[in-house]
Every structure is written in C-alpha cells, then in structure tokens.
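# Need coordinates for the below:
(one chain, ligands or ions: 1)
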Amino acid sequence: MITHYRILKEVLIYEDNVDQEQVASQCLDAGGEAILKAEISHTLAEYIMSGPYAKEKKEYLDLILRLDTRGAVRYVEKRVAEGMSIRRSSHALIQRVMYEIGKLWHRNEITVDKEHYATVVSQMVLSVYYDRIFGQIRNGKTFLYCCEGSELHEMGARMVFDLFECHGWDSVYLRAAVPLYLLIPAIDEHQTDLLALSVTMIPHLAQCNEMVDEARGYNPDLKIALGRRAFSSSQELWRKTKADMYGKTALELVRWAKENIIRKGG
Ligand code: B12
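Residues are numbered from 1 along each chain as shown. Just a heads-up that it's a prediction; the model follows:
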C-alpha cells in the first residue's frame, strides 16, 4: 500500500490544479503514516499472547511483519541494554517469534519471502550479543555441531553455538549439509568433546542415525547429543540411536554437558 501511495504521489505532479495536488498529496502521506502505525492483525498463537515477555514477543513480531529491520535490531539491542539476558532474549523472544512465523506461513497468513526475511533479521539480531559471547572464560572443551546432508534449518544451531560459547566452550559449527565422509575428520581435527547433531525434518532422521553410528564406531567414548523437532514426536526415537542424550532446548544441552563432561572430567 505504501508503494502504491508513493506511485500515486509521483503521478500527481502531472496534475494541473496545484491546490488539488497538495490536498491529495497530504492525504496520501497521512495514509502512509496510518499504515505504518496500524496494528498488524492476525491470530497469534497462545505462546505469543501469554507467558513471559508476551508484550515483547508481540512487539518484536510486529516489527518483523512490518519489515522494519532497523526497528527489530534496535528493539532487541534496547531490551539487552535494559538487562534482558542473552538466553531470555534469544530463546523467549526470537525463538518463539520464529516458531510463530512458521505457524503464520503454514496457515498461509504470510508468504515464504516473509519467512526468509524473518530468519535473516533474526540472525542479524543474534549478532547483537557477540561482544559478550566471545568474552567469556574458556573451559578447555570443544563442542562440534552440524546438521546432516539435506537439512537447511540452521537458526537453532546458531543459538546452541552461541550459548555454548557463552558458557566457555570452544564451539565449531559446520552448518548444514555436512557429508558423512567429512564427519570423522572433523571430529578428529577439532579434538571434539561433544558432538551435537540436529534434525528438523523427519525424512532426514535416517541420515542422522548413520552419522551417529559412524561417530560412535570411531570413538565409543565421544559424547553425542541429538536435538530438534524431528525427534520430538516420541521419546523412543532418539533412544533407538547410539546417542547419549536428546534435548529440547540449548540450555538443556549446556546443563547436561556440564554435568556429564565438565564435572566428570570427561
Ligand atoms: C526459518 C524456517 C525455514 C528456513 C530455514 C532458514 C535457516 N537459515 O535456518 C527455510 C526457508 C530454509 C525452511 C525450509 C523448509 N521448511 Co522450515 N521453518 C522455518 C521456521 C519458521 C523457523 C525455524 C527456526 O529458525 N526456529 C528457531 C530456532 C531457534 O528453533 P529450533 O530450530 O527449534 O532450535 C532450538 C531448539 O530446537 C534447540 N536445538 C536446536 N538444535 C539442537 C541440538 C541439540 C543437540 C539440542 C539438545 C537442542 C537443539 O535449541 C534451539 C534454541 O533453543 C520453522 C518453524 C518452527 N516451528 O521451527 C519452519 C518449519 C520447521 N519448516 C517447515 C517446513 C515444512 C519446511 C520445508 C519443507 C518447506 C518447503 N516446502 O520447502 C523446507 C525444508 C528445508 C530442508 N530441506 O530442511 C515446517 C516443518 C513441519 C514438519 N512437519 O516437520 C516448520 C515447522 C513450519 C511449519 N509450521 O510448518 N524453513
């Protein structure tokens, strides 16, 4: 609509009546402003409307749906400056809003380009924390994270990476689409203490299982963790693999690693 108003204004300069042109131009400006201020209305999921940071989640989502990149980045910067922790802002805010974006896309309330945009902005927002994340005391342990061959969902991995860095781990994130034959050389090269693999899409589970088998065969003592949506339908799913744990959140994995690797001197 805003572009539409701008084009109308451009066409108005060809109007002979200057008074009419001015009135019309003012109306179009007012219309543009009203659209920018308007509440974006769609049915929000329960976890956006309620629970901790309900107001912040809604405000951040509104900025994203308005395509206000700078506004969204500044919004999170401001919350962090006011004392909202990295974990809370990344998980309670950004992660929740990304889940909501997925729902809106699924219900055909937003198009896929908006989903791409939301991902890019959220990744940009995550870099707000980098000064703090890389300033932590190291614990001497290495965390290797990758996703199997065809998995494209990588935002969650990035949040796990950030949280591990924040807790003093040297984290190596190989991103998605890591071929099986490169897994063992990577485990070796980075002297890995903990390997995390994640799967969002159910069809990618078999390839992930192959990766677990390969890693376990290479080093029976290596700690292997699994995560993400594809495993969430049944607790039995991950137990059928040779992994050591499955977790729903990044924090769950950090706590598990502290207990099972750092405290045990593993
Ligand atoms: C952004 C997005 C995309 C982007 C990803 C871009 C990118 N650079 O990452 C793109 C556009 C590529 C994409 C593609 C697709 N997507 Co998509 N996508 C999403 C969306 C909206 C957000 C994902 C996200 O960033 N979440 C935020 C992060 C922070 O959360 P997270 O991943 O869960 O990670 C957290 C935890 O899980 C945990 N964690 C993560 N890893 C690990 C590891 C371990 C070991 C542990 C313990 C914990 C842990 O820690 C993280 C932080 O707490 C989701 C919606 C959703 N509910 O997730 C849909 C969603 C996952 N996508 C979906 C679909 C269907 C697809 C496509 C098939 C669409 C298509 N037709 O092409 C493709 C598949 C691509 C592929 N081959 O993988 C569906 C999946 C439905 C299903 N049945 O499984 C969802 C749920 C949308 C929906 N509501 O329908 N998608």
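# Could you check how far residue 97 is from residue 247?
21 Å (C-beta to C-beta, to the nearest Å). In short, each C-beta sits where N, CA and C put it, glycine included.
# who has more neighbours, the two?
Using other C-beta atoms under 10 Å as the criterion, residue 97 and residue 247 rank with residue 97 on top: 27 against 21.
# Make sure that one is indeed in a helix.
Yes - counting by DSSP: H, G, I helix; E, B strand; the rest coil, residue 97 is found in a helix.
# residues of whichever helix in the chain runs longest that come out buried?
Criterion DSSP state H: the longest helix present in the chain is helix 18-37. Under the neighbour-count criterion of 16 or more other C-beta atoms under 10 Å, helix 18-37 has 24-25, 28, 32 buried.
# Return the alpha-carbon coordinates of that helix using PDB.
C-alpha atoms of helix 18-37 as PDB (Å, rounded to 0.1, in the frame of the first residue of the first chain):
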ATOM      1  CA  VAL A  18      -1.800  22.700  -7.700                       C
ATOM      2  CA  ASP A  19      -4.300  23.100  -4.800                       C
ATOM      3  CA  GLN A  20      -5.800  19.700  -5.500                       C
ATOM      4  CA  GLU A  21      -2.400  18.200  -5.900                       C
ATOM      5  CA  GLN A  22      -1.400  19.500  -2.400                       C
ATOM      6  CA  VAL A  23      -4.500  18.200  -0.700                       C
ATOM      7  CA  ALA A  24      -4.200  14.800  -2.400                       C
ATOM      8  CA  SER A  25      -0.500  14.600  -1.600                       C
ATOM      9  CA  GLN A  26      -1.300  15.300   2.100                       C
ATOM     10  CA  CYS A  27      -4.000  12.600   2.200                       C
ATOM     11  CA  LEU A  28      -1.600  10.100   0.700                       C
ATOM     12  CA  ASP A  29       1.100  11.000   3.300                       C
ATOM     13  CA  ALA A  30      -1.400  10.600   6.100                       C
ATOM     14  CA  GLY A  31      -2.500   7.300   4.600                       C
ATOM     15  CA  GLY A  32       1.100   6.000   4.500                       C
ATOM     16  CA  GLU A  33       1.700   7.000   8.200                       C
ATOM     17  CA  ALA A  34      -1.500   5.400   9.300                       C
ATOM     18  CA  ILE A  35      -0.500   2.100   7.700                       C
ATOM     19  CA  LEU A  36       2.900   2.200   9.400                       C
ATOM     20  CA  LYS A  37       1.200   2.700  12.800                       C
END
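# so how far is that helix off the chain centroid?
38 Å (C-alpha atoms, centre = their mean, to the nearest Å).
# which secondary structure elements does that helix contact?
helix 2-12 (3 or more C-beta pairs under 8 Å, 6 or more residues apart in numbering; DSSP states H and E).
# between the helix it packs on and helix 18-37, how big is the angle?
Following axes from the mean of the first three to the mean of the last three C-alpha atoms, to 10 degrees, one obtains 170 degrees for the angle between helix 2-12 and helix 18-37.
# All good on my end, thank you.
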